[in-house]
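Chemist: have a look; sequence and predicted model below, questions after that.
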Amino acid sequence: MSAQLLTYMPLLLKAALVTIWLSWLALLIGAVGGTLIALARMSTFLPLRLLALLFTEFFRSIPILIVLFFVFFGMPLVFGIDLSPFTATTVALALHASSTMSEVIRAGLESVGKGQWEAARAAGMTYWQMMRHVIVPQALRVILPPSVGVYIATLKESSLASIIGYVELTKTGLLIRETMGSSFVPLLLLALIYFLINYGISLGGAALERRFHVNTRLMTAGAGQ
Amino acid sequence: MLSKRGIMKSLCGIAAVGLFGMATLASAQAQNAPGILQSILQRGTIRIAVLGSLPPYSRVMPNGEPEGYDIDIAKRLAEALKVKPEFIISDIPARVTALQTRKADVTIADFTRNVERSTSIAFTNPYLVTTMRLLLPANSPYKTIAEANEAGIRVAISRGGTAERAVPANMPKAQIIRFNTQADELNAVLTGQADAMAEDNFYNGNAIKENPGKLREAEGDLARAEIAIGLPAGDADWLRVLNLFVDQFNASGDNKKLFQKWFGFEQPPIQAKY
Amino acid sequence: MPYYFSFRSIYPYLGDLAAAAQATLLLSVLAIVLSVAIGSGVALMRRSDSRLLRFTGGLYVEVMRNTPLLVILYIVYFALPQLGLRMSPFNSALIGLTLNSAGYMAEIIRAGLVAVPPGQFEAAASQGFTRVQLYRHIVLPQVFRTIYAPLGNQFIAVILASSLASAVAVEEVASWMQTVGSSSFRFFETFVIAAVVYLVLCQIVNLGRIAIGRWLFRQPEAYR
C-alpha cells in the first residue's frame, strides 16, 4: 500500500461511516414500511391486499438504479419536493428495503401457527394485545436473522448513490482513483472495505441464527446490486 | 408459488407500472414555480450544478470539496449576487436534469450550448470557446483523426455529451464507447480499454500534463463548442441577470485571470471570427 | 417552467431500445447459465472432504455476497487491464455479473443438495451406483426441484443487476435510458420507458417460470 493511499485512509473511513449510517437509516424506514405492507398483505380487505401486492411486485421488478433516478430527479419535478442526494438515496433504498422487508416480516408473522392467533382471540385479547404479547415475540425470532441479510443488501446497494454523484464510500474510492491516476489499488481497497463491513455484519447475523435456531440464507437470496 | 396467485402477482406488477406512469403524467402538468432570482435571494444560497471529474474545469477532491475554473466562476457569481454558493455534484446527464427539475439554479459545467438543447433549457452568452479533439495514448500509431477513423478505433465519449454527434459525423467508422464521467473515459484510455477519447482541447491539455509521456492529441478538430452557463428555460428575468454577469466577467478581464490560473496559458478569444 | 411530457421525442430512439433490451436479456441469460455452472462447482467444493476446497468455496461465497456488484464491475473493467487482462465492456460485465451471481447460486444449489436425505447417498452406493450415476439419476432431479423457484428469483435479480453494466459502457437498457435522456433531454420519459421494459422482462421470466413449473411438476401439490 502506497504512502499516498495511507493519507486517504481517514477519508475512506469517514465515507464508510456515511455508507453504514445511510443504509442503516434506509433499513429502519424499510422495516417500518415493510411492517405496514406485510399487515396490508395479510388484511381481509381485498383492495388493501392488492395495493400491498402492487407495491412489492413493483419494487421487485425495477432496478434500484431507476428507482434512485426517479427519486432524485423525478420527485422535485412531479411533487415539487427537492431532495438532497443523501435523502434521495435513503428514500430509494428504503422503498426497495420495504418491499423486501415486507416479505421477511410476512414470513415471520405467518410462522406463528394459526392456532395461536385463534387461541389469543378466544382468550379475549384485542388485536394489539395479541400482536404485542403473542405474535410479535415469536415472529421476531424468524424476522431478525434475515433482516441482517437485508441490511447487507441495502449497504451494497448504497454504492449506486455514487452514480448520482453522492460522495459515499464508492464515490470516495473513485475520486481517490482519479487523484492517484491508478485504478488497481484504490478499487481493490474499496472492495476490501465493503467486504470487511458486510462480513462483520453477517457474522452478527449468523450469531442471531444460531441463537434462534433458524436457517435463513435462502430467504434473502438474490444477486444484490 | 407455482399457481394462479403467481400469475395474479405478475399482472399486478404490470398494472402498477401503468398506474404509476399515469400518476407521473398527471401530476407533472400542474405545477407553477416562482421566479428563480426571487427564490435565490430569499434562500440566500444559489444552487449550482457542476461536474465532479473534469479537471481543470472542476473536480471533486476526495474530501468532497469541489475546485477548478468552473467552481471559481460559480463563486464569483454567488459573490456578485451576495449569496452563498451551494454545489450539486453531477455528471453529464445529471447537469441537465438538475435544471429541468429546478434542483439547480444554474449549471456551470463546461456546458456546450446549441439550439437542440436550448429547446428544453436556456443558455447565457459564452464564457469560453473550445475545440473538441481526439486524445490518444502517446504510443498510438494514428497521427490524424482521419487515420484513426480508417482504423475503426474505439473512442470513449461522455454519454449524451456533444461528442454523441461530433464523433460519428467526423469518424463514421469509429466504435463508440459511452461513459458517465470523463474520469472513466480517461481511465479507459490509460488502461487500453479504449483507443482514444473525444474531449475539449483544454481538458486534453490538462490530462496530457497530469500524465506525462502517456497521452497526446491527434491532428484535426471534431467540433467547435461555445461554453455557456445553463439555466432552466422560461425565466427571462434570471437569464437577463446571468447574461449581464457573463458579459462583465468577460469584459473585466476576470475571466482571463481565472483561465490563466487554472489552465496555465492565455485564454484564446471568445468572439468567433465569421 | 412546468415539465411537459413528450413521448414523441423518444420515437427515433425506440430502435436502439430493442437492441438494448436484447443486450440486457443476452447478458442476463448468459450470466445465469454460467453462474449455475460456477455455482454448482462452488457448492460441490463446499461439500468436499478437502478442507482447503471447503475453505476456498466458503471464501468465494462470502466475498461475492459481501461486495457491491458495482465495485466488482469496476475492478473487472478498470483494474484488471493493469494486470494485462483486457476485455470488451460486454465480456467484463458478463464476468462481473457471473462471479457475483455464482456466489448466490452456490448457496441456492447447496441448499438443494442439503435437502437430499443422506440415506439416499448411502443407499445408492450400496446399490453399486457410480458417482456420476448417483448424481445423474438420484441427486440432480431432486436438487432441481428444490432450486427451481429460487433459480427463477435469481434470474430476475440478475436482470435487475445487469442495469449496472451501464457503468462499464455496455449498451443495455439502463444505458439507453441515460444516453437517450441526455441526447433528447427527455429524461423522465426514458425513465418510465426503461422501468416498463424491466418490469415486462422480469414478469415474463416470472410467468415463464410458473408455466414451465406447472408443466414440469404436474402432480405433487407439495411443490406449489
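Modeler: Happy to help now that I have it. Residues are numbered from 1 along each chain as shown, chains lettered A, B, ... in the order given.
Chemist: count of residues packed around residue A:6?
Modeler: Look at residue A:6: counted by other C-beta atoms under 10 Å in any protein chain shown, it has 9 neighbours. The C-beta positions use only the backbone N, C-alpha and C, and glycine is treated the same way.
Chemist: wasn't it part of a helix?
Modeler: Yes: under DSSP: H, G, I helix; E, B strand; the rest coil, residue A:6 falls within a helix.
Chemist: quick one: contacts for the closest residue to residue B:144 other than its chain neighbours?
Modeler: Of all residues not flanking residue B:144 in the chain, residue B:219 sits nearest, at 4.5 Å (C-beta to C-beta, 6 or more residues apart in numbering or on different chains). Neighbouring residues of residue B:219 by C-beta atoms under 8 Å, 6 or more residues apart in numbering or on different chains: B:143-145.
Chemist: in a markdown table: the residues you listed, plus distance to residue B:40 and pLDDT.
Modeler: Formatted as a markdown table, the contacts of residue B:219 follow (distance: C-beta to C-beta, whole Å; pLDDT from 0 to 100):
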| residue | distance to residue B:40 | pLDDT |
| --- | --- | --- |
| B:143 | 49 | 94 |
| B:144 | 47 | 94 |
| B:145 | 43 | 95 |
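Chemist: buried subset of those residues?
Modeler: residue B:145 (16 or more other C-beta atoms under 10 Å in any protein chain shown).
Chemist: can you put the contacts of residue B:219 in a markdown table and add secondary structure?
Modeler: Below are the contacts of residue B:219 laid out as a markdown table (three-state DSSP):
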| residue | secondary structure |
| --- | --- |
| B:143 | coil |
| B:144 | strand |
| B:145 | helix |
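Chemist: closest one of the contacts of residue B:219 to residue A:46?
Modeler: Proximity of the contacts of residue B:219 to residue A:46 (C-beta to C-beta) peaks at residue B:145, which lies at 65.0 Å.
Chemist: follow-up on the earlier one: and the contacts of residue B:219, which is closest to residue A:82?
Modeler: Within the contacts of residue B:219, distances to residue A:82 taken as C-beta to C-beta reach their minimum at residue B:145, with 42.8 Å.
Chemist: how much space between that closest one and chain C?
Modeler: If you measure residue B:145 against chain C using C-beta to the nearest C-beta, to the nearest Å, the figure is 21 Å.
Chemist: ok, that residue touching residue B:135?
Modeler: No: using C-beta atoms under 8 Å, residue B:145 is not in contact with residue B:135; the gap is 11.3 Å.
Chemist: now the common contact residues for the two.
Modeler: Residues touching both residue B:145 and residue B:135 (C-beta under 8 Å, 6+ apart): residue B:218.
Chemist: please read off the pLDDT at residue A:221 from the model.
Modeler: Predicted confidence (pLDDT) for residue A:221: 43.
Chemist: element containing residue 86, please.
Modeler: As the question left the chain open, I've gone with chain A. helix A:85-111 (DSSP states H and E).
Chemist: can you look at chain B instead?
Modeler: strand B:84-90.
Chemist: please name the strands paired to that strand in the sheet, noting orientation.
Modeler: Within its sheet, strand B:84-90 is paired with strand B:45-51 (parallel), according to DSSP bridges.
Chemist: do you know how far the nearest residue to residue A:134 once chain neighbours are set aside is from residue A:141?
Modeler: Nearest non-adjacent residue to residue A:134, counting by C-beta to C-beta, 6+ apart: residue A:120, 4.6 Å away. Using C-beta to C-beta, to the nearest Å, residue A:120 is found at 17 Å from residue A:141.
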